[in-house]
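> whatever this is, show me its structure:
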Amino acid sequence: MLSGKRDATHETNLARERNISGPDGTPPKREEYLRRVVKNLEGHSAHRDAITVRMGVAGNGTSPHYKFEAPVEYRMISLDGADLGTRAAFPEAFFIYHGANHKKMTAFELADVRDAHWSSKAMSYDEVRTIFGQVRAERKGL
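Predicted coordinates:
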């Protein structure tokens with residue numbers, strides 16, 4: 001028999017699939033949140049197109065932290081300094097921003113950076129700007 005209740009695993013999986021559509025709440029609050037995310041992305045100027053954004057899913061959704069990731073390229077070099085041609089890129093370099101004040105966080109617990117605390121969906125600069133435009137249009141009633 002189905003009880004209609006969701007278990008904790010179901011809730012966690014739903015939260016992990018959230019995107020950077022902004023915090024829960026009114027369109028003006030969501031618009032301001034996204035405006036500040038875009039502003040922080042634009043602060044990385046030339047690198048913003050390489051950065052992806054993940055939304056924090058560990059809190060209650062009112063002012064989620066967000067993380068900027070950028071790929072780091074690794075190359076294999078022999079002991080004599082020759083490039084062996086083996087390369088790989090991984091999204092490892094990151095900055096975490098506080099969702100309430102949008103300032104870069106410099107100290108956090110290692111548990112806070114685990115993948116389980118971030119959305120599974122990574123969004124590009126263009127995707128974040130598109131959502132920002134949609135929220136702005138929603139607020140204006142367009």
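> okay, now the unreliable bits of the chain?
Low-confidence segments of the chain (pLDDT under 70): 1-27, 86, 90-91, 93, 107-112.
> what are the ranges of the strands in it?
Assigned by DSSP state E, the chain shows strands spanning 52-55, 66-77, 83-97, 123-124.
> quick one: the helices in the protein?
With DSSP state H as the criterion, the chain has helices at 8-16, 27-42, 125-140.
> right, so these: which one is the most enclosed?
Among the helices of the chain, helix 27-42 has the highest mean neighbour count (mean count of other CB atoms under 10 Å), at a mean of 18. Yep, even glycine has a C-beta here, placed from its N, CA and C like the rest.
> which one of the helices of the chain lies nearest to G56?
Closest to G56 of the helices of the chain is helix 8-16 (CB to CB; 9.5 Å).
> now render the strands of the chain as JSON lines, adding distance to E138.
JSON lines is the format used below for these (distance: least, CB to CB, whole Å):
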{"stretch": "strand 52-55", "distance to E138": "18"}
{"stretch": "strand 66-77", "distance to E138": "20"}
{"stretch": "strand 83-97", "distance to E138": "23"}
{"stretch": "strand 123-124", "distance to E138": "18"}
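> winner for burial among those strands?
Highest mean neighbour count among the strands of the chain (mean count of other CB under 10 Å): strand 52-55, with a mean of 23.
> given it, what are its sheet partners and their directions?
Using DSSP bridges, strand 52-55 pairs in its sheet with strand 66-77 (antiparallel), strand 123-124 (antiparallel).
> residues contacting the spatially most central residue of the chain?
Central residue of the chain (CA atoms, centre = their mean): R54, 1.6 Å from the mean position. Counting by CB atoms under 8 Å, 6 or more residues apart in numbering, R54 makes contact with 20, 66-67, 69, 118-119, 121-123.
> from the residues you listed, which single one is nearest L142?
So of the contacts of R54, ranked by how close each gets to L142 (CB to CB), first place is I20, at 20.9 Å.
> can you get me a residue count around H44?
Counted by other CB atoms under 10 Å, the residues lying close to H44 total 15.
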